[in-house]
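Q: give the three-dimensional model of this entry:
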Amino acid sequence: MSTGGHGPPRFAVLGKPIGHSLSPVMQGAALRARGIDATYGAMEVESDQVERTMRELAGSGGGGNVTVPHKGVAAAALDVRTPEVERTGACNTFWAEGGRLHGDNTDIAGFRAALARLLPSGIRGERTLMLGAGGAARAALVALVD
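A: Numbering: from 1, shown residues only. Reported below is the predicted structural model:
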């Protein structure tokens, strides 16, 4: 990972509020376990700071994650969106590649994996109730519809 000579890459979860997030502990442990020299923190940002913060982190060789309430703002800031971001209008993971800001929505795959583990026989033909309207709820809806 390139850092432009400014120390190890920086990764962070962006949100508001963010103090409750366990992401720095989990992601920091994952980085250490893989022997990756990088930092992972939590950054409380306002909506109007999301794009600039994403570009700064990604542009310096890092990247990160996005949580409440910024997944929609993050999706709009991207130069390159995965089909999952296009379908949900929400971005929860970002990085730079070729000088462009890329993003994905990994909530869809995460929900599918959890559902498969909890209900191995699937939910085809079952009735479901969804509570929520944010980026994670839209990802769960996409997974259910698929």
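Q: which SSE is the residue at the greatest distance from the centre of the chain in?
A: For the chain, the C-alpha lying farthest from the average C-alpha position belongs to Gly125; by CA atoms, centre = their mean, that distance is 30.4 Å. Assigned by DSSP states H and E, Gly125 belongs to no helix or strand.
Q: any idea which helix or strand of the protein has the worst average confidence?
A: Of all the helices and strands that make up the chain, helix 135-145 has the lowest average by mean pLDDT, DSSP states H and E, namely a mean of 92.
Q: could I get the full set of strands for the protein?
A: 10-15, 39-44, 63-66, 80-81, 93-97, 100-104 (DSSP state E).
Q: measure the nearest residue in space to Ala76 that is not next to it in sequence to Leu31 for me?
A: Nearest-residue entry for Ala76: Glu51, 8.0 Å, with adjacent residues in sequence omitted and distances by CB to CB, 6 or more residues apart in numbering. C-beta: built from backbone N, CA, C; applies to glycine. Look at Glu51 and Leu31: by CB to CB, to the nearest Å, they are 25 Å apart.
Q: for the residue positioned nearest the centre of the chain, what are its contacts?
A: When the chain is reduced to its mean C-alpha position, the closest residue under CA atoms, centre = their mean turns out to be Asn92, at 2.2 Å. Applying CB atoms under 8 Å, 6 or more residues apart in numbering, one finds that Asn92 lies in contact with 65-67, 71, 74, 104-107, 135-136, 139.
Q: one more: Glu44?
A: Counting by CB under 8 Å, 6+ apart, Glu44 makes contact with 15-19.
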